[in-house]
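In: need a 3D model of the sequence below.
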Amino acid sequence: FKNLKWFAEYRDIDNNGYISIIHPWESGRDNSIEWDEPLKNIKVSQNLKKYSRKDLRQIADDERPTREDYDKYLTIVEFGENCLWDKEKMFYDSPFNVVDIGVQFMFLKSLKDLLKINDELKLNKENELNLMIQKYENGCKLLWNNKINCYSSYDYKSKKLINEITHASFMCYYAELFNKKYDSLILNNFKLHIKNSEFLVPSISINHNKFDSKKYWRGPIWCIINLFLIIGFKKFD
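Out: Residues are numbered from 1 along each chain as shown. Alright, predicted model coming up:
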């Protein structure tokens, strides 16, 4: 419970009901196309220290994020080091602050799972957990994108939805977030997302102009996300 409270305190400082990430690494989906637009606005630090990438010693270059991406990743890290990772400075002033639908849905699911554990073990957190669940379910409303008829991540710095559909867009059902108004639109988008795919579920549609069959979160399939999607779709009525 303390872990979830940490996210609410450090990644929802405005108390709006949605969880930010302050670095693409924090999402676990480092080089997703969802971060392209927010990263585009980051100027690489002139004081960036020279670095070597250990990831390229083990994994082929064409599978990993680009050098330009890494320069921006480390620019964010440099900002954090300079402000001693102050939670408010990181939230309001850092180069990157995005509400990631993947993190939001996993956070919401974690709250609901903890509520079930609370009921079983009588931990006396029911009221607090129910309030948090209601709050973060309401926060998901911000992430509904009418332009693409699906859930999408949100650039907190520019106050704009990111008009990209990824596998994370369909994790709403993993979070047990059902809405009759949206369900048919989401399912239609899912059908388009997997269209022409020999294997499921690609991180982005193979028909997307940014699809890359090798670069981690820009095409390849991830077992853990597939598990979340299966759990979610099985709950679909």
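
In: C-alpha only now, for contacts and for neighbours.
Out: Will do.

In: which parts of stretch 207-224 are buried?
Out: Across stretch 207-224, burial judged by 16 or more other CA atoms under 10 Å covers 211, 212, 213, 215, 216, 217, 218, 219, 220, 221.

In: now it: average pLDDT?
Out: Throughout stretch 207-224, pLDDT has a mean value of 96.

In: what's next to it, contact-wise?
Out: For stretch 207-224, the external contacting residues (CA atoms under 8 Å, 6 or more residues apart in numbering) are 29-33, 62-65, 193, 195-196, 199-206.

In: first to last residue in it, what's the distance?
Out: 22 Å (CA to CA, to the nearest Å).

In: again, but for stretch 17-26
Out: Termini of stretch 17-26 sit 18 Å apart (CA to CA).

In: for residue 80, report the pLDDT, please.
Out: pLDDT, residue 80: 98.

In: ok now the host helix or strand of it, how far from the chain's centre?
Out: Taking DSSP states H and E as the criterion, residue 80 maps to helix 67-82. Offset of helix 67-82 from its chain centre (CA atoms, centre = their mean, to the nearest Å): 19 Å.

In: now do the buried residues in it.
Out: For helix 67-82, by 16+ other CA under 10 Å, it's 69, 70, 71, 72, 73, 74, 75, 76, 77, 78, 79, 80.

In: buried sites along the lowest-mean-pLDDT helix or strand in the chain?
Out: Of the helices and strands making up the chain, the lowest-confidence element is helix 55-58, at a mean of 89, by mean pLDDT, DSSP states H and E. Buried residues in helix 55-58, defined by neighbour count with 16+ other CA under 10 Å: none.

In: then that helix to CSV, C-alphas only?
Out: Output in CSV follows, covering the C-alpha atoms of helix 55-58 (Å, rounded to 0.1, in the frame of the first residue of the first chain):
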residue,chain,number,x,y,z
ASP,A,55,23.2,-2.0,-23.7
LEU,A,56,24.9,-2.0,-27.1
ARG,A,57,27.5,-4.5,-26.0
GLN,A,58,24.9,-7.1,-25.5
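
In: residues touching the helix holding residue 80, excluding its own?
Out: For helix 67-82, using CA under 8 Å, 6+ apart, the contacting residues are 23-24, 31, 39, 42-45, 48, 86, 90, 94-96.

In: likewise stretch 23-31?
Out: With CA under 8 Å, 6+ apart as the test, stretch 23-31 has contacts from 21, 35, 65, 69, 73, 76, 96-97, 100, 102-103, 216-218.

In: tell me which residues touch the closest residue to residue 96 other than its chain neighbours, please.
Out: Closest residue to residue 96 apart from its sequence neighbours, by CA to CA, 6 or more residues apart in numbering: residue 22 at 5.4 Å. Residue 22 makes contacts with 90, 91, 94, 96, 97, 98, as judged by CA under 8 Å, 6+ apart.

In: next: residue 55.
Out: Here residue 55 is in contact with residue 64 (criterion: CA under 8 Å, 6+ apart).
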